[in-house]
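> Got a sequence here, can you build the structure:
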Amino acid sequence: MENFLSNQPNYNLWLFGGLVGLAFGMFIGEPGIAAIGLAAIITAIAAITIPQLSLQLIIWVILSLALAVVMRGMVPQESSELKPSTEAEVVIDIPPGYVGEVAYEGSLWRARCQVSDIAIPTGEQVQVVGRKGNTLIVIPTRFLDNMQ
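Now for the predicted structure:
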């Protein structure tokens, strides 16, 4: 194995290392590792005309750093504009002190009114104010409108 690797031209080793780096970076979803692999592939291309290993290493380091910065910048950040909705619609009546059902963010959830003596009929809009296990705690929007 040692003779095989030592007999290979540098560009083959850079290419192999680059492909391994790209595959590993894509497998774990880390753009920094993929950048190192991509830099090695570009260095393999440069190694065809640049025989000095020291220059190849300099090219690889500079490309790795630059590509890592660029690729990290391409990863989407969490948006402050995408807050979860607080509105839901009652699909099964919520009797006073008991559980009904609401449609919330495309799914049906069990729901209980925060004020235990209020009934909420089907079709009424509610605000989600909390969650206890798999049950949403809601309050009717009409109740909130009266408080303001």
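> all strands for this structure, in order.
87-92, 99-104, 107-113, 125-132, 135-140 (DSSP state E).
> tell me which residues of the first one are tucked away?
The one in question is strand 87-92. For strand 87-92, burial by neighbour count (16 or more other CB atoms under 10 Å) applies to 88, 90-91. From N, CA and C alone the C-beta is placed, and that goes for glycine too.
> So which one of these is the model least confident about?
Lowest-confidence member of the buried residues of strand 87-92: residue 88, scoring 91 (pLDDT).
> Show me what that residue bridges to in the sheet.
residue 126 (DSSP bridges).
> one step back: quick one, which of the strands of the chain is nearest to residue 43?
strand 107-113 (49.4 Å; CB to CB).
> Who are the packing partners of the closest one?
For strand 107-113, the elements it packs on are strand 87-92, strand 99-104, strand 125-132, strand 135-140, judged by 3 or more CB pairs under 8 Å, 6 or more residues apart in numbering; DSSP states H and E.
> Can you tell me how far residue 105 is from residue 127?
13 Å (CB to CB, to the nearest Å).
> The two: which has the busier surroundings?
residue 127 (16 against 11; other CB atoms under 10 Å).
> Go ahead and confirm that one touches residue 87.
Yes: counting by CB atoms under 8 Å, residue 127 does reach residue 87; the two are 6.4 Å apart.
> which residues are common contacts for those two?
residue 141 (CB atoms under 8 Å, 6 or more residues apart in numbering).
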